[in-house]
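**Q** Sequence and predicted structure below; questions after.
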Amino acid sequence: MSLILVLPAIILVILVFVFPLIRYAWLSFHAVSVSTGLVMVPNFGANWSRLIEDQRFWQDLMQTTRFTAFSVTLEIILAIAIALLLDQRWNGRGIIRAITILPWALPTTIMALGWRWIFNTPYGPIEQLTQLFGIEYLNLLSIPKYTWITTVIADVWKTTPFVALIILAGLQSIPNDLYEAFRLEGGNSLQALKKITLPLIQPYILIALLFRVAQAFGVFDLIQVMTGGGPATSTESLALYSYLNAMRFLDFGYSATIMLASFLLLMIISITSYILLKRLRLLTVK
Amino acid sequence: MTLLIKNLGRHINDSWIVRHLNLEVTDGECLALLGPSGCGKSSTLRLIAGLDKPNEGSIYLNNKNITNTAAIDRRIGMVFQSYALFPHLTVAENLTLGMKIRGISNLEQRQKLRSTLELFQIENLATRRPSQLSGGQKQRIALARAILRDPLVYLLDEPMSNLDAQLREQLRPELRRIILNQNLPVLYVTHDQHEAMAMSQKIAVLKEGILEQIGTPQELYHEPVSIFVATFIGRPQINVIYNSSKHITGIRPENIYFNSTGLKAKLLHKEWLGTNQLLFLDTPVGNIRITVDIGIEIPEDITINWDKKHEHHFDSQTGMRIINV
């Protein structure tokens, strides 16, 4: 009886999660490309050995990791500050809270277009400013060494509100009594932040961190719209590389291999860090 | 270290939470602030602690005006109704956090911690977290923390209201032994008249932010200044008889007895209280409660009476006591 009740959920999970994964795994051991006439031909791990020797894969892995590390770190730091501000009582807080969440509510493609315009040479506002001061064009979207920073800025802009929201929830779960008791013990607000606030919101910070790492590691739409992975392949992410393999090079077998590899990597990172955090009892206050 | 409060008042927008409050609590004295919820008793404590700012009046501690002193500098030993223990710290860390902040040496911290844990006989709890403690244990830790503050005055905000009745009775002697014997002023907020009488020498009854009456439990019981105080002090509650549009008579259930002459009454219901029984009677002047001994057989037709000297008279308009009837 109980099995019947959970059956719809199980079927759904199998349909939208387990089946695609198995299909990916199956595909990754086949050659499916234009040269095979899009017919699945078993190639016994040739995709995987190609992956290991693929310079572009390793470069993209490094770039994806760099993007994830920088944007998530910045987001968490900014979000803590914003959440602390939004937790204070001041006039117009409700409106500002609503406005703060807007970037997150915006579709990524739209906001990525916006950022592409902001960084545009020569018409974007940044280049307009450089002109005003008589500086040469910065060409922010065409410097292989630094363009990745613009994608981090856009991602931070979009996702900080989400992290701030999670941390704000944590802040609001702290009873006011604790701060008052702390004040009566002789502590000032800076000490309260260090001794009360941060330890008590730490589980929320870590949960946000886990969420965000998983999300940022799979970044696709933002980069596709903003830079298309360029200049050269300097901002290309793993998801984008996999997409290009499938949709541009029509090499579905190899695309599946890249996707599956980054999925497995992400799983390993998330699960080990989750277990580690749980072991260290960092995910709960009590 | 007398605590003196002069004409204290605080309002939010247009409504006064506390107004015209004058109180004095001397060394070793425990004053209970008693009243229904929303009467301003907790607000009064918060003003004294410095957690809120008064709109008028002043607070003196040991002849020093502390009205504008920051909460941090007031040396207040406060126990919150919620205990306000830091959930992420162990009991020992909860107790030493304040000393650490105030820059007390490690050696002294350890000594004080040990002696306080001994005082409450809670040495075995030192490494536990608040979530692993029972209500009574949390309450003791909150008290211990207040003591370690080395305060000039104790403010206890409904310290036992989260405990069950049995535990409350167990903790009362402990609270008296440890806090009330320190020769410091103690302000004890409660909505429980029984607890107020048990813990304090004097009771201040508050109503809607205004001090209604202050006095010993006996004074409040025998000479309540208003019908409000009369109904708040004493259980079972005083009987209220509306004589006319202007005049109310109050008579306590324990002062009524069976008699051959007097008021005719019919028994509606009875409650067995252990040491006596409480009868609910229907009489021509309305429902009357009386307490009688356990052994007494209740006759069919009851006639009840009381002595004139036990009557309390109040003005039905103002609710205040009338001295000469």
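**A** Received it, and whenever you're ready, just let me know what you need. Numbering: from 1, shown residues only, chains lettered A, B, ... in the order given.

**Q** Show me what from the stretch 51-200 of chain A comes close to chain B.
**A** Within the stretch 51-200 of chain A, the positions adjacent to chain B are A:175, A:177-178, A:180-188, A:191, A:195-196, A:199-200 by C-beta under 8 Å from any C-beta of the partner chain. Bear in mind the C-beta positions are built from the backbone N, C-alpha and C, glycine included.

**Q** Make a PyMOL selection of the buried ones in those residues.
**A** Selection of the buried residues among those in PyMOL, burial being defined by 16 or more other C-beta atoms under 10 Å in any protein chain shown:
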select buried, chain A and resi 177+178+180+181+182+183+184+185+186+187+191+195+196+200
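
**Q** Show me the residues of the stretch 51-200 of chain A next to chain B that map onto helices.
**A** Judged by DSSP state H, these include A:177-178, A:180-184, A:191, A:199-200 as members of helices.

**Q** Next, count neighbours for residue 257.
**A** Just so you know, I chose chain A. 27 (other C-beta atoms under 10 Å in any protein chain shown).

**Q** ah, I was thinking of chain B
**A** 14.

**Q** separation between it and residue B:81?
**A** Using C-beta to C-beta, to the nearest Å, residue B:257 is found at 41 Å from residue B:81.

**Q** give the contact list for the closest residue to chain B within the stretch 101-250 of chain A.
**A** The nearest approach of the stretch 101-250 of chain A to chain B comes at residue A:185, 3.3 Å away (C-beta to the nearest C-beta). Neighbouring residues of residue A:185 by C-beta atoms under 8 Å, 6 or more residues apart in numbering or on different chains: B:97-98, B:101-102, B:145, B:149.

**Q** and what of residue B:84?
**A** Neighbours of residue B:84 in contact, by C-beta under 8 Å, 6+ apart: A:175, A:177-178, A:180-181, B:142.

**Q** Surely it forms part of a helix?
**A** No. Checked against DSSP: H, G, I helix; E, B strand; the rest coil, residue B:84 lies outside a helix; its state is coil.

**Q** Name the nearest residue to residue 104, ignoring sequence neighbours.
**A** Defaulting to chain A. Spatial nearest neighbour of residue A:104, chain neighbours left out: residue A:161 (4.2 Å); criterion: C-beta to C-beta, 6 or more residues apart in numbering or on different chains.

**Q** could you do chain B instead?
**A** residue B:112 (7.7 Å).

**Q** tell me the contacts of the one you found?
**A** B:99, B:104, B:148.

**Q** what pLDDT does it get?
**A** If you check residue B:112, the pLDDT there is 94.

**Q** Report the secondary structure element holding it.
**A** Per DSSP states H and E, residue B:112 falls inside helix B:106-120.

**Q** after that helix comes which helix or strand?
**A** helix B:135-148.

**Q** Can you list the buried residues in that next one?
**A** Within helix B:135-148, the residues scored as buried using 16+ other C-beta under 10 Å are B:136-148.

**Q** Those residues: which ones sit near chain A?
**A** residue B:145.

**Q** quick one, helices of the stretch 101-250 of chain B?
**A** Counting by DSSP state H, counting those that start in this stretch, the stretch 101-250 of chain B has helices at residues B:106-120, B:135-148, B:165-178, B:193-199, B:217-222, B:227-232.

**Q** would you turn these into JSON lines with distance to residue B:275?
**A** As requested, the helices of the stretch 101-250 of chain B are exported to JSON lines (distance: least, C-beta to C-beta, whole Å):
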{"stretch": "helix B:106-120", "distance to residue B:275": "32"}
{"stretch": "helix B:135-148", "distance to residue B:275": "26"}
{"stretch": "helix B:165-178", "distance to residue B:275": "16"}
{"stretch": "helix B:193-199", "distance to residue B:275": "15"}
{"stretch": "helix B:217-222", "distance to residue B:275": "18"}
{"stretch": "helix B:227-232", "distance to residue B:275": "22"}
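
**Q** out of the contacts of residue A:185, which are buried?
**A** Judged by 16+ other C-beta under 10 Å, buried ones among the contacts of residue A:185: B:97-98, B:101, B:145, B:149.

**Q** export those residues to a markdown table and tack on distance to residue B:219?
**A** Listed next are those as a markdown table, based on distance: C-beta to C-beta, whole Å:
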| residue | distance to residue B:219 |
| --- | --- |
| B:97 | 42 |
| B:98 | 38 |
| B:101 | 43 |
| B:145 | 34 |
| B:149 | 33 |
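
**Q** where exactly do the strands run in chain A?
**A** Secondary structure of chain A (DSSP state E): strands at A:30-31, A:41-42.

**Q** longest helix in chain A, by residue count?
**A** helix A:55-87.

**Q** Against residue A:195, how distant is the residue in chain B that chain A sits nearest to?
**A** Relative to chain A, the nearest point of chain B is residue B:98 (3.3 Å; C-beta to the nearest C-beta). Distance from residue B:98 to residue A:195, counting by C-beta to C-beta: 10 Å.

**Q** what does residue A:144 give?
**A** 46 Å.

**Q** what packs against the longest strand anywhere in chain B?
**A** Counting residues, the longest strand found in chain B (DSSP E) is strand B:256-272. For strand B:256-272, the elements it packs on are strand B:276-283, strand B:286-293, strand B:302-306, judged by 3 or more C-beta pairs under 8 Å, 6 or more residues apart in numbering or on different chains; DSSP states H and E.

**Q** Now with 6 Å, please.
**A** strand B:276-283, strand B:302-306 (3 or more C-beta pairs under 6 Å, 6 or more residues apart in numbering or on different chains; DSSP states H and E).

**Q** ok, the residue nearest to residue A:104 - contacts?
**A** A:100-101, A:103-104 (C-beta atoms under 6 Å, 6 or more residues apart in numbering or on different chains).

**Q** what's the residue nearest the centre of chain A in contact with, if anything?
**A** In chain A, the centroid-proximal residue (C-alpha atoms, centre = their mean) is residue A:216; its distance is 1.7 Å. Contacts for residue A:216 were tallied using C-beta under 6 Å, 6+ apart; they are A:68, A:71-72.

**Q** now with 7 Å?
**A** A:67-68, A:71-72, A:155 (C-beta atoms under 7 Å, 6 or more residues apart in numbering or on different chains).

**Q** got it, and residue A:125?
**A** Applying C-beta under 7 Å, 6+ apart, the residues near residue A:125 are residue A:118.

**Q** And it, how close does it get to residue A:155?
**A** 19 Å.

**Q** Low-confidence ranges, the stretch 151-286 of chain A, go.
**A** Scanning the stretch 151-286 of chain A with the threshold set as pLDDT under 70 gives A:285-286.

**Q** how about the helices of it, start to end?
**A** Using DSSP H, counting those that start in this stretch, helices in the stretch 151-286 of chain A cover A:176-184, A:189-192, A:198-217, A:221-226, A:238-247, A:252-279.

**Q** Identify whichever of the ones you listed lies nearest to residue B:315.
**A** helix A:176-184 (41.3 Å; C-beta to C-beta).

**Q** Near residue 176, how many other residues are there?
**A** Using chain A. Counted with other C-beta under 10 Å, residue A:176 comes out at 10.

**Q** My question was about chain B, not that one.
**A** Using other C-beta under 10 Å, the number of residues around residue B:176 comes to 13.

**Q** Can you tell me, leaving aside adjacent residues, what's nearest to it?
**A** Using C-beta to C-beta, 6+ apart, the closest residue to residue B:176 is residue B:199 (6.9 Å).

**Q** swap in residue B:292?
**A** residue B:277 (5.9 Å).
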